[in-house]
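Novice: Structure, please.
(2 chains)
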Amino acid sequence: MADKKNRSVWGAVASMWHNHSYIFVFLLILVVYAVTIQMNGRTFTPGHVSSILSSQNTVIVGTMAIGMALVIITGQIDLSIGSALVLTTGVTVIVFNATANIFLTVGAALATGLLLGTINGVLVAYARIPPFIVTLGTMLIYRSLALWAVREIPPDVSGSSSSQFAMVPGSGAYDWLRMQFGTGSLVIAGFSIPFVSILFAACVVLFVFIAHNTKYGKAVFAVGSNAKAARLSGVNTQRIQASVFMVTGLLVGVASIIQASKVGNITPASSGRAYEMYAIAAVVLGGIAMAGGRGNMLGVLFGVLSYATIDFIIVSIPALSADIQDTFQGLVLILVILVQTAGPAVRDRFQQWRRHLRPEPSVKEAEPVSAG
Amino acid sequence: MTGIYKSFDENQVLRGVDFSVERGEVHALLGENGAGKSTLLNILAGVLPADGGRIVFDGKHYPHPSIPQMEKAGVAFVHQELNVINDLTVSENIFFNHELTYPLGFLRQREMIKASHALFERLGVDLDPTLKVAELKTSQKQLLEICRALHAEAQLMILDEPTTALGNDEVDHLFAIVDKLRSEGNSFIFVSHKMPEVFTISDSYTVFRNGELISSGPVADTTPFAVTRDMVGEKYADLDVYEPRPLGEPVLELDRLSSTAFTDVSFTLRRGEIIALTGLAGSGASELMQAIFGAFPIESGEVRVEGRPVTGSIQRFMRRSVGMLPGNRKENSVVPDATVLENCYLAEHSLSAHRQWINKAKETTKYEGHKQALNIKAQDAHGAITSLSGGNQQKLFLARWLNTDAEILLLDNPTQGVDVGAKEEIYGLILKLATAGKTIVINTLEIPEIQKVSDRCIVLYAGAVVATLEHNQINEHDVMLYSTNAINAVKGE
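Specialist: Numbering: from 1, shown residues only, chains lettered A, B, ... in the order given. Below is the predicted model of the structure:
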């Protein structure tokens, strides 16, 4: 009886582990973070969680990772999002400095992101160039355009004399966007949640809904799972393939609004480097299959949080330099995927081993027969 | 080969068959799909192990033949889907895995090209050894495979439907080369469904049916009619499920439809009618069906649904209530990562995409209705589609189209990979749907299936309609005569 109950609890945990292992991965990493903080003589507080929620790796990479997840679910890839972020934020900052109008700024951010995503989507779906190649090309193009523009554009428009685009302070719009929204928080019962984190969370909720509760979402998964069957069921596979890049573009636009309001500037030569890789890693950590067709959008949230937390762990250990961050992130990525892929094989071995141990009574029963 | 047995799981494919080929002869191996031809040949080539029997080649007994062993002995299998490497040159293909090299492993290219030249000259083959294989025509690739086999000193070559992708001149050329090699003492096993070819090139024949040897002997002692009769056997179709139904107004019209795969096909279907398209590989029947669904490009002619022409994409055909259950279920129907319910609703969703919100409760109710009506055995609507058996998957995909309220159902090989019980169920369903007013086109190679359900049968050969048979005229013998064009082989004599 006790054994049965025990087993059903284990069964529930096992099925949770199987379907939502990304939650365990995140919780484990969070525990490691709490332990490192305590070991370094400080106390782990809700403020630490709050700073994870509002870190650039969460809100900016995370927003773009939602789009990346859709792209990967269709069996494709987008390498251009880091560069697209730089170019889009450049345009956003310029429009803001020129107009000091929040609506125009937001509109410019979304429109630019959408345009850059549409270029990717059309080349991939309609010109039939492999997505890796297309987005590798646009990755180079988008960043170099931003690099070129920042030098050519007069400082009063770019907002900075050096090599970056920066929001020019002094207007009411600046106060609202940077001071109120970008760095402000909503305080509920003593726990402060940054507005940018709320925006990111809203995007997650919206896209979890779209991916799992709309016909569009079902079609995205179907195209990634079996494009031929989807086409023969009337799904316009090319349109779906293009659309996920366009959605990613829109989300790059949202991310650039966050970048502009939270950070206030962007440096084309160095900002957003390897963001596409972080986004891919977050998606994979979130349990979405690189081969397409499989995964849960909610996983992206936990993948992103796991990644951001690793950063904080490294920073909280004084003996480690920030340069070593990528090593740990890479290791965790490989380790988690290793556990996921090798896990079933290890479990099978374990079951075989148990079966090997268990048949002892039946061997005894069989003995008289062989003796006779 | 004597007394060869082979079964896959429960399914006995070969029941103690004997088969022998003499030196210097072309031996035709004949039988319907599933008769056991390919299994036997795969055993001979060492691809599959036999469950029982003796294989003797060139006086030597091979108890457990393996691929390298049989290759070494001189058996070469020229597969229907060619096994040449497109990115290498012709001579590199010929010498693949047997390259001539200098001591350090560098290739002796010039010698290999020279040797290839000599080989081609001997055979009267016009091939340039330095060309990339990708640039060759299908017929040339076929010849290349034969040359490669000869270069490996093959004594016995298995040609599995070698002419399906060839034009008439190319077939003649191939046969000329086979003729020449035969006179030099090489032997061939020739698998083909085309009677005229069988009777042109072969010296002797063997017919299999249901894994048993039916007849064997010199080709000169038989006729295409007799061979066809041996292939199909006695009529074993029970016709009890079919009943004539009153037919409605014309709903589907094909008007001189032509494409790269078929030419000048016209017919009219009335509401509630079931028509069968049949034809062997390369007959264009499958492509014709896809063309009625917008999945295969039409070059000329017109498809009309309820009097109005339809052109363009699959979506357009779906909007005019046409649905297609494609052949090759795993490749074209199954969305493996989606649930049973999601698979059922895939087509409906793409038609109703203007309303994006999914009503899960309503969908589940409707799915349960289909499940009842079609007797789909599935435990959980949210379970994996891959947990369903082939027959239940196929019924689910039928439900995928019933869900869209399709009036014209195109069923490409609907009982492919489905067990016998589920087959009967599917036949019953097809008739029930037709009685309820659905118009149905079936493309199938299984003649008993056609007899069971169809009002009419259209036989295609090489892309053209060669016969239209009414229900009471449909029998295996005649359908096989038309689809192998044996009828013309007889006339030609």
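
Novice: Okay, helices next: where are they in the stretch 1-150 of chain A?
Specialist: Along the stretch 1-150 of chain A, counting by DSSP state H, counting those that start in this stretch, helices occupy A:2-39, A:46-54, A:56-73, A:81-99, A:102-125, A:131-152.

Novice: Over to the stretch 1-150 of chain B?
Specialist: Taking DSSP H, counting those that start in this stretch as the criterion, the stretch 1-150 of chain B carries its helices at B:37-44, B:67-73, B:90-94, B:109-123, B:138-151.

Novice: among the ones you listed, which is nearest residue A:148?
Specialist: Closest to residue A:148 of these, according to CB to CB: helix B:90-94, at 47.3 Å. For the C-beta atoms, the positions are set from N, CA and C on the backbone; glycine is no exception.

Novice: Restrict that closest one to CA atoms and write it as CSV.
Specialist: Provided in CSV are the C-alpha atoms of helix B:90-94 (Å, rounded to 0.1, in the frame of the first residue of the first chain):
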residue,chain,number,x,y,z
VAL,B,90,31.1,8.2,-63.5
SER,B,91,34.5,6.5,-63.1
GLU,B,92,34.6,7.2,-59.4
ASN,B,93,31.3,5.5,-59.1
ILE,B,94,32.5,2.5,-61.0
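
Novice: pLDDT on that helix, on average?
Specialist: Helix B:90-94 shows a mean pLDDT of 84.

Novice: That helix packs against which elements?
Specialist: With contacts defined as 3 or more CB pairs under 8 Å, 6 or more residues apart in numbering or on different chains; DSSP states H and E, the packing partners of helix B:90-94 are helix B:109-123, helix B:138-151.

Novice: Let me know which of the helices of the stretch 1-150 of chain A is tucked in deepest.
Specialist: Burial of the helices of the stretch 1-150 of chain A is given as mean neighbour count (mean count of other CB atoms under 10 Å in any protein chain shown); helix A:56-73 ranks first at a mean of 28.

Novice: Off-centre distance for that helix?
Specialist: 4 Å (CA atoms, centre = their mean, to the nearest Å).

Novice: is any part of that helix close to chain B?
Specialist: No - judged by CB under 8 Å from any CB of the partner chain, helix A:56-73 and chain B are separated, with a smallest distance of 9.5 Å.

Novice: That helix relative to helix A:81-99, how many degrees between them?
Specialist: Counting by axes from the mean of the first three to the mean of the last three CA atoms, to 10 degrees, helix A:56-73 lies at 120 degrees to helix A:81-99.

Novice: would you put the C-alpha positions of helix A:56-73 in CSV?
Specialist: Taking Å, rounded to 0.1, in the frame of the first residue of the first chain, the C-alpha atoms of helix A:56-73 are listed here in CSV:
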residue,chain,number,x,y,z
GLN,A,56,19.2,42.4,-19.4
ASN,A,57,19.7,38.7,-20.0
THR,A,58,16.1,38.1,-18.9
VAL,A,59,14.1,40.9,-20.3
ILE,A,60,16.0,41.7,-23.5
VAL,A,61,17.4,38.3,-24.6
GLY,A,62,14.3,36.7,-23.1
THR,A,63,11.9,38.7,-25.2
MET,A,64,13.8,37.8,-28.4
ALA,A,65,14.1,34.2,-27.2
ILE,A,66,10.3,33.9,-27.4
GLY,A,67,10.5,34.6,-31.2
MET,A,68,13.5,32.3,-31.5
ALA,A,69,11.4,29.5,-29.9
LEU,A,70,8.8,29.8,-32.6
VAL,A,71,11.5,29.8,-35.3
ILE,A,72,13.1,26.7,-33.8
ILE,A,73,9.7,25.0,-33.4
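
Novice: what angle sits between that helix and helix A:102-125?
Specialist: 40 degrees.

Novice: Could you check the pLDDT of the closest residue to residue B:50 other than its chain neighbours?
Specialist: Closest residue in space to residue B:50, ignoring its immediate chain neighbours: residue B:43 at 4.7 Å, by CB to CB, 6 or more residues apart in numbering or on different chains. Per-residue confidence (pLDDT) for residue B:43: 87.

Novice: shouldn't residue B:43 be in contact with residue B:5?
Specialist: No - with contact defined as CB atoms under 8 Å, residue B:43 does not count as touching residue B:5 (9.8 Å).

Novice: shared neighbours, these two?
Specialist: Both residue B:43 and residue B:5 are in contact with B:14, B:50, where contact means CB atoms under 8 Å, 6 or more residues apart in numbering or on different chains.

Novice: between those two, who's got more neighbours?
Specialist: residue B:43 (25 against 16; other CB atoms under 10 Å in any protein chain shown).

Novice: Tell me which residues touch that one, please.
Specialist: Residue B:43 neighbours (CB under 8 Å, 6+ apart): B:1, B:4, B:6, B:14, B:49, B:50, B:55, B:65.

Novice: Next: residue B:349.
Specialist: For residue B:349, the contact set (CB under 8 Å, 6+ apart) comprises A:215, A:218, A:219, A:235, B:358.

Novice: Just give the number of residues close to residue A:317.
Specialist: Residue A:317 is flanked by 13 other residues according to other CB under 10 Å.

Novice: For it, which non-adjacent residue is spatially closest?
Specialist: residue A:36 is the one closest to residue A:317 (CB to CB, 6+ apart), at 5.9 Å.

Novice: What residues does chain A have near chain B?
Specialist: Within chain A, the positions near chain B by CB under 8 Å from any CB are A:213-216, A:218-219, A:221-222, A:224-226, A:228-236, A:293-294.

Novice: Give me the buried entries from those residues.
Specialist: Using 16 or more other CB atoms under 10 Å in any protein chain shown as the burial test, those include A:214-216, A:218-219, A:221-222, A:224-226, A:228-236, A:293-294 as buried.

Novice: Among those residues, which ones are in strands?
Specialist: Under the assignment DSSP state E, these contribute nothing to strands.

Novice: which other helices and strands contact the helix or strand hosting residue A:196?
Specialist: According to DSSP states H and E, residue A:196 maps onto helix A:195-213. Helix A:195-213 sits against helix A:46-54, helix A:56-73, strand A:185-188, helix A:215-225, helix A:237-258, helix A:298-316, with contacts defined as 3+ CB pairs under 8 Å, 6+ apart.

Novice: wait, which of those is closest to residue A:118?
Specialist: Taking CB to CB, helix A:237-258 is the member of the helices and strands packed on helix A:195-213 nearest to residue A:118, at 5.2 Å.

Novice: Alright, that wraps it up for me.
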